[in-house]
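Visitor: Kindly return the folded structure for what I paste below:
(one chain, ligands or ions: 1)
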Amino acid sequence: MHRVVVLASLVLLGACSRSEPSGGVASAQAQITPEALAMFKMRCAPCHGEGGHGDGPGAAALDPKPRNYTDASWQKSVTDDQIKKTILYGGAAVGKSPNMPPNQDLDGKPELDGLVAVVRSFNGK
Ligand code: HEC
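Guide: The predicted model follows:
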């Protein structure tokens, strides 16, 4: 009678395979915040237009005209970093018209990413 009862110690190692909640596919895309939208209307729309067509009231006297953000080929040609640099340091810093003013007070502020998102949102509209 050597029945060895092996008490199978059911070690329920709950196979800690808790997968990362991969919702959102980690796109680093900045969000359009209300603050950024308000800032766009105040600081950018006067030249670039509420609809991003580069036709704000301040655009009339400008040559070259403010960038038309709805231009899909322009959108494709610039990186977010280039847009940020233009916003922060102005047109002169990126070889463009000095009439595009710098906004160095936005350095490190969330509104800077928000403005990039606003600019991107006009793509193809
Ligand atoms: C006084 C008018 C004026 C204001 C205000 C202004 N811009 Fe511009 N912006 C321009 C002009 C003019 C250009 C075109 C420069 C060129 O093509 O040489 C331009 C170009 C740009 C470009 C395109 C640069 C490129 O790579 O072609 C971006 C992006 C831009 N502006 C963003 C902004 C944002 C965001 C704001 C608000 C924070 C703003 N601008 C405010 C006049 C303005």
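Visitor: buried sites along whichever helix or strand Cys47 is part of?
Guide: Using DSSP states H and E, the element containing Cys47 is helix 45-48. Going by neighbour count (16 or more other Cβ atoms under 10 Å), the buried part of helix 45-48 is Ala45, Cys47, His48. All C-beta atoms are positioned from the backbone trio N, CA, C, and that covers glycine.
Visitor: Filter the residues you listed to keep only those in contact with the ligand.
Guide: Filtering the buried residues of helix 45-48 for proximity to the ligand by Cβ under 6 Å from any ligand atom leaves Cys47, His48.
Visitor: Kindly export the lengthiest helix in the chain (C-alpha atoms) in CSV.
Guide: With secondary structure taken from DSSP state H, the chain has its longest helix at helix 110-121. Provided in CSV are the C-alpha atoms of helix 110-121 (Å, rounded to 0.1, in the frame of the first residue of the first chain):
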residue,chain,number,x,y,z
PRO,A,110,1.4,72.9,-23.1
GLU,A,111,-0.2,75.4,-25.4
LEU,A,112,2.7,75.0,-27.8
ASP,A,113,1.8,71.4,-28.5
GLY,A,114,-1.8,72.4,-28.5
LEU,A,115,-1.1,75.0,-31.2
VAL,A,116,0.6,72.4,-33.3
ALA,A,117,-2.5,70.2,-33.0
VAL,A,118,-4.7,73.1,-34.0
VAL,A,119,-2.5,73.8,-37.1
ARG,A,120,-2.6,70.1,-37.9
SER,A,121,-6.4,70.0,-37.5
